[in-house]
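1. Dropping the sequence and predicted coords here.
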Amino acid sequence: MLPFIFTLLILLDQASKYLFEHFFATSKIHLFGEILVLSFVKNTGVAFSFPIEGMILKVLTVALIIGISVYYFRYEQHKNLLITKWAYILILSWAVSNGIDRVFTGSVTDFIGVKYFAIFNFADIFISVGAFLLFIIYFKHERTSRN
């Protein structure tokens, strides 16, 4: 079941980027006034458009995907906590989906804009939720292991 969800999340992100780039790229869609706007942007950098480009970015992307995967399978998978599995599925689906874009096209399509914050895509939401889940898991574990 979890590999299916992992694949589904990647397909959701890839399809949303494709649809937005090919059908709404010239549009600016206001969902909630100026606060939440759909607007097409090609991000050639990394998180928050930090300027790393070219082959270095591609190598870092592949290394990140491998690193997260190795860490999960070596240290976390055996714990058998469903919430940990969900967190890593979200994080790895982000890494793979945005990695596909970076490696094959050199950029990532972002289209969900929040005023005064950033413009991002579904994969970025996946990593945010996954990282938040891991934070909760490790925070709870740290508190219970002290007692």
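-> Perfect, I can see it now.

2. Model confidence for the residue lying closest to K85 once chain neighbours are set aside, exactly?
-> In space, not counting the residues next to it along the chain, K85 is nearest to L2; the distance is 5.9 Å by Cβ to Cβ, 6 or more residues apart in numbering. C-beta: built from backbone N, CA, C; applies to glycine. Here, the pLDDT recorded for L2 equals 82.

3. Go ahead and confirm L2 touches T84.
-> No: using Cβ atoms under 8 Å, L2 is not in contact with T84; the gap is 11.3 Å.

4. which one of those two has more residues nearby?
-> Of the pair L2 and T84, T84 is the one with more neighbours under other Cβ atoms under 10 Å, namely 18 against 11.

5. and the more buried one, what are its phi and psi?
-> Per-residue torsions, T84: phi -70, psi -40 (degrees, to the nearest 10).

6. For it, which residues are in contact?
-> When contacts are counted by Cβ atoms under 8 Å, 6 or more residues apart in numbering, T84 is found next to E76, L133, L134, I137.

7. On the pLDDT front, check D124 for me.
-> The per-residue pLDDT reported for D124 equals 92.

8. F6 now?
-> Model confidence at F6, given as pLDDT, is 94.

9. any idea how far I5 is from the residue lying closest to it once chain neighbours are set aside?
-> Of all residues beyond its chain neighbours, the one nearest F6 is I89 (4.9 Å), with distances taken as Cβ to Cβ, 6+ apart. In this view, I89 and I5 are 6 Å apart by Cβ to Cβ, to the nearest Å.

10. okay, these two: which has more neighbours?
-> Set side by side, I89 and I5 give different neighbour counts by other Cβ under 10 Å, the larger being at I89 (20 against 14).

11. For L38, what is the enclosing helix or strand?
-> Of the helices and strands defined by DSSP states H and E, L38 is found in strand 36-43.

12. scratch that, H22 is what I was asking about
-> helix 2-23.

13. Likewise for D110?
-> Assigned by DSSP H and E, D110 falls in strand 108-114.
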